[in-house]
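*Asks:* coordinates for the following, if possible.
(chains A and B)
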Protein chains: 2
Amino acid sequence: MLNKQESQQRITRLQQELKAKGIDGALFIYPIDVYYFTGTRQNSTLWVPAEGKPRLMVRKSVSRAIKESCIEETVPFPSSKEFPALFPPELQKIGFTFDVAPVQQYNYYAKLLPGREFVDVSAINREIRSVKSEWELGQMRKSGDMICQVFREVPGFLKEGMREVDLAAEFECRLRKAGSEGYVRMRAFNQELFQGLAVSSAACDPGFFDGAVTGQGMSSASPHGASAAVIKANTPILVDYTGIFNGYIVDITRFFVIGKLAPELEHGFATALAIQKYLVDNLKPGVICEELFLKAAEMAEEAGLGRNFMGAPGENAKFVGHGVGLELDEFPVLAQGFKVPLRDGQTIAIEPKFVFPGQGVAGIENTFAVGKNGGVKLTDMPDEVVYL
Amino acid sequence: MLNKQESQQRITRLQQELKAKGIDGALFIYPIDVYYFTGTRQNSTLWVPAEGKPRLMVRKSVSRAIKESCIEETVPFPSSKEFPALFPPELQKIGFTFDVAPVQQYNYYAKLLPGREFVDVSAINREIRSVKSEWELGQMRKSGDMICQVFREVPGFLKEGMREVDLAAEFECRLRKAGSEGYVRMRAFNQELFQGLAVSSAACDPGFFDGAVTGQGMSSASPHGASAAVIKANTPILVDYTGIFNGYIVDITRFFVIGKLAPELEHGFATALAIQKYLVDNLKPGVICEELFLKAAEMAEEAGLGRNFMGAPGENAKFVGHGVGLELDEFPVLAQGFKVPLRDGQTIAIEPKFVFPGQGVAGIENTFAVGKNGGVKLTDMPDEVVYL
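*Replies:* Below you'll find the model as predicted:
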C-alpha cells in the first residue's frame, strides 16, 4: 500500500513541473494516474493545483477511497453546481491527460469550467512516473522475484503435443496463485494484452501489437498470444509474461526447446544476448535512448540478422526496449526518434528478438533499472535457452 | 471468423442511421468497433461514408488485416498528405466515437480534416451493436455452452481453506483451456475487469466497479476480484465470470456453499430467482428497460431486502442487468433513467444480487437474448446454489 510520504513526493514533483510550465493545476481522471498520486484507484478525479493541497473527488466507492487514499482531502464528487466554485477564476490553465481522456470526458470538464484553457500534461505525467523511487524499485524487484519463481516451474509442465493455449493456461494458473493481479494496464490507444504470450509454431504471425511478437491468438477478435496450435519438438517456445504485484509490472521472456535448434536460431539467441549485454552495460543516466536502439539495430545488421530484428521481415518494430512500471508501456522507449537521455531509477524492459518466419522466434527479455554502473536486473534468473 | 454478408449488413445499418441523422460518414478508430464492422481488429481506422464503399486504413499489421478484413478496400494507412484528399469537401459532418476516442486522437483527425464538423456517433454505434444477428446469437450460445462446462467442474476443485485467488486460478485455468480469450473489453471509461470474480468472505467490500459486487482484489492497485482471503464453510462463494469465444462475451454467476446458509441469505437467493423469473418473462421487444429495473427494485423492497439490493447498503448500484456482446457493458441497461424499449435480438446479462455485509452475497446471473416470448437463456445450466 502506498504511504503518505511517497504520495507527497510525487505530488511535489508534479507541482514543480506544473509551475515550471506555467500551468495552474492538473485534473487527473485516468485510474492508474489517480492511483499513482493518491494510493487509490477508486473511480475518482484528482485535482492538483500548482500550489496548495490536492483534492480527490470520488464517485465510487467513497468509503473505500477514504480508507486507501493518502490525500487529506478525499471527498465525495461534488455536484455540477458545487464543482466550478472549487476552481477560483485565477486558475486559468488546467492540465489534462489528452493521451487517455476521451472526448466526452474532456467536454464534460470543459463545460464545468468554461473559459479556462485546457492543456495537455500527458508527457509531464509520463516523465514523472518513469523515474521510480527506492520504494518502487523494491516493489518491482518483488514482482520480478515472484514471476521468476513461475518461470522456474515451466520445465515441469511444458510437454510436446500440448496446445499453446494449454501452456498459457498452466503458466497463468501458477502466476495467479503466486499473487499476480492479472490485469495489464497499457496506455497506448489501440493496444490490449492478456497477461502475456505462450507461443511457438504460431509465434511468427505479424499483428497489431506494438512488439516484436504478437502471436496468433484464439481468433481474429483476440488476435494476440496463445493459439490452439500444437507445440512441437525442435521449435522455440516463447514464454513472454507480465507479473503484476501491488500494481507494479515486470516483463520477462524466456525460451524453451524440446529437442534442439536450427543453427540460424542459435545464432539469433547468441546475437540477442550480445545486444542485451551491450544495452545493459550502457543503461546509465545520460545515455540517449535512440542511440541504444540504433546500436542494437547495427549489431543485428552486423550479425546478418537485420531483416529479422524485432519483427517479421518487412513488419519490424523500431524499438528494442520500453519503460515499464504501473503500465506496461511507460517512458522511456529505446526507439528511433526517442532522443532523450536516460534517468537514474527508470525501469526498462529490454527485449532484443529475432523472427524467422516458418522457423520460430529467438531472443531474450528482462526488466532492468537504469543505474550509474549500468542496468540492474529486476528479473533475476539465467538468460539461457532451456532445453528439455 | 466474420463473413462478408454479416459485415455488409452491419455497414448498411450504420449507413441508414448516418443518413437519417444527416451525418456524411463516420471514422472508427476503437479496435472493437473496427472489428465489428470489418472482421479484423488490427490497428486500423475505418471510414464509412453515408453512401458508398467503406475504406479500412491499416497501420499494423497490414498483411494480417488484409487476410481477415471483409472490407474490399483494405489498404495501408495513408500519409498525412494523402489522407485529406480521400475526403472531398462535400463531406462536412464526420461521425466520431467521443465516448472512447482520446483527445489526442480527436485532435489528430481534426487537424487532418480542417473545417469539418466532428459529431458524436457513440450512441448510434452502441445501439446498432446491441441488436445481434442470428449468427451472433449462435456465437453467444457457443460462449455460454463453453463457460457452463467450466462451471460444472467447480465442485471438483473448490475446497474449504483455499484462498479466493486459488479458486480464481483454478477456474481461469480451465476457462482458458476451454478456449476463452481472456481479455474482457469494457467501454466505460474508468472500468477494468480481469476475467471475473471468485470471491467469498471478501465479497462484500464496496468498490469502483459498476456492479453489485467488486471484491477486494489483491491490492489497492487492483482492487477487484479475488483476494488472498481464505474460503470458509457456511459462507456463499460467488463465481462470476465472463467467457469470451470468437470475441463474444457471456456473463454468468453461480454460488457455491460448503456447509449451509443463514436464513437471510437463503431468502436473498429465493428473492433473486423470483426477480430473475419476472425479468425473463418480460424480456420482450417493446418493454421499457427502466420499468424492469423499477419492478426488480420493488420486488426487493417487498421482500424486505431493498437496502441490500445491488450493493452494500448505501452503495447500491442502480441497475439489474446490462447488455453484453463484444463488450461486457453494451446497450441496453436495465437501469434507472434508461427509458428505451427492448429490441428483438438484444442480449442482456440479468444479475439480481443482494449484499449482506459481514455475511456474504446472494444472487444469480445469466445472459439472455430478448425474444418475443421472453428471454432466451444463453447460459444454460441450473440456477440453484450448489451445496458441497
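
*Asks:* so A:Met140 is in contact with A:Gly323, correct?
*Replies:* No: with contact defined as C-beta atoms under 8 Å, A:Met140 does not count as touching A:Gly323 (11.5 Å). (Each C-beta comes from the backbone N, C-alpha and C, glycine too.)

*Asks:* so what's in contact with the two at the same time?
*Replies:* A:Thr347 (C-beta atoms under 8 Å, 6 or more residues apart in numbering or on different chains).

*Asks:* skipping adjacent residues, who's closest to A:Ile244 in space?
*Replies:* A:Glu181 (4.4 Å; C-beta to C-beta, 6 or more residues apart in numbering or on different chains).

*Asks:* residues touching the one you found, list them.
*Replies:* With C-beta under 8 Å, 6+ apart, A:Glu181 has these contacts: A:Ile244, A:Phe245, A:Gly247, B:Phe194, B:Gly217, B:Met218, B:Ser219, B:Ala221, B:Ser222.

*Asks:* give me the neighbour count for the third one.
*Replies:* Meaning A:Gly247. 26 (other C-beta atoms under 10 Å in any protein chain shown).

*Asks:* once you drop chain neighbours, what's closest to it?
*Replies:* Closest residue in space to A:Gly247, ignoring its immediate chain neighbours: B:Ala221 at 2.6 Å, by C-beta to C-beta, 6+ apart.

*Asks:* same check, this time on the second one
*Replies:* In space, A:Phe245 comes closest to A:Ser143 once its chain neighbours are excluded; the distance is 4.5 Å by C-beta to C-beta, 6+ apart.

*Asks:* about what we covered before: got phi/psi on the residue nearest to A:Ile244?
*Replies:* Here is the backbone geometry of A:Glu181 (degrees, to the nearest 10): phi -80, psi -20.

*Asks:* out of the contacts of A:Glu181, what pair is the most spread apart?
*Replies:* Longest distance between any two of these is 13.7 Å, between A:Phe245 and B:Phe194; criterion C-beta to C-beta.

*Asks:* average pLDDT for stretch A:56-73?
*Replies:* For stretch A:56-73, mean pLDDT is 97.

*Asks:* right, I mislabeled it, should have said stretch A:84-94
*Replies:* Stretch A:84-94 shows a mean pLDDT of 96.

*Asks:* and the residue of the stretch 251-388 of chain A found nearest chain B, what element?
*Replies:* Nearest residue of the stretch 251-388 of chain A to chain B (C-beta to the nearest C-beta) works out as A:Glu315 at 5.7 Å. Here A:Glu315 sits in a region with no helix or strand, counting by DSSP states H and E.

*Asks:* how about it, what does it touch?
*Replies:* Counting by C-beta under 8 Å, 6+ apart, A:Glu315 makes contact with A:Pro206, B:Lys60, B:Ser61, B:Val62, B:Ser63.

*Asks:* now, of the residues you listed, which are buried?
*Replies:* A:Pro206, B:Lys60, B:Ser61, B:Val62 (16 or more other C-beta atoms under 10 Å in any protein chain shown).

*Asks:* just the closest of those to A:Asn125, please.
*Replies:* For the buried ones among the contacts of A:Glu315, the closest approach to A:Asn125 (C-beta to C-beta) belongs to B:Lys60, at 25.4 Å.

*Asks:* next, the nearest residue to the closest one once chain neighbours are set aside: phi, psi?
*Replies:* Leaving aside its sequence neighbours, B:Lys60 sits nearest to B:Asn43 (C-beta to C-beta, 6+ apart; 4.5 Å). Main-chain torsions, B:Asn43, degrees, to the nearest 10: phi -70, psi 100.

*Asks:* who's in contact with B:Asn43?
*Replies:* A:Asn190, A:Phe208, B:Pro31, B:Val58, B:Arg59, B:Lys60, B:Ser61 are the contacts of B:Asn43 under C-beta under 8 Å, 6+ apart.

*Asks:* try 6 Å this time
*Replies:* With contacts defined as C-beta atoms under 6 Å, 6 or more residues apart in numbering or on different chains, the neighbours of B:Asn43 are A:Asn190, A:Phe208, B:Arg59, B:Lys60.

*Asks:* those residues in strands, which ones?
*Replies:* B:Arg59, B:Lys60 (DSSP state E).

*Asks:* how about the contacts of B:Asn43, which pair is most distant?
*Replies:* Farthest-apart pair in the contacts of B:Asn43 is A:Asn190 and B:Lys60; separation 9.0 Å (C-beta to C-beta).

*Asks:* sweet, I'm off.
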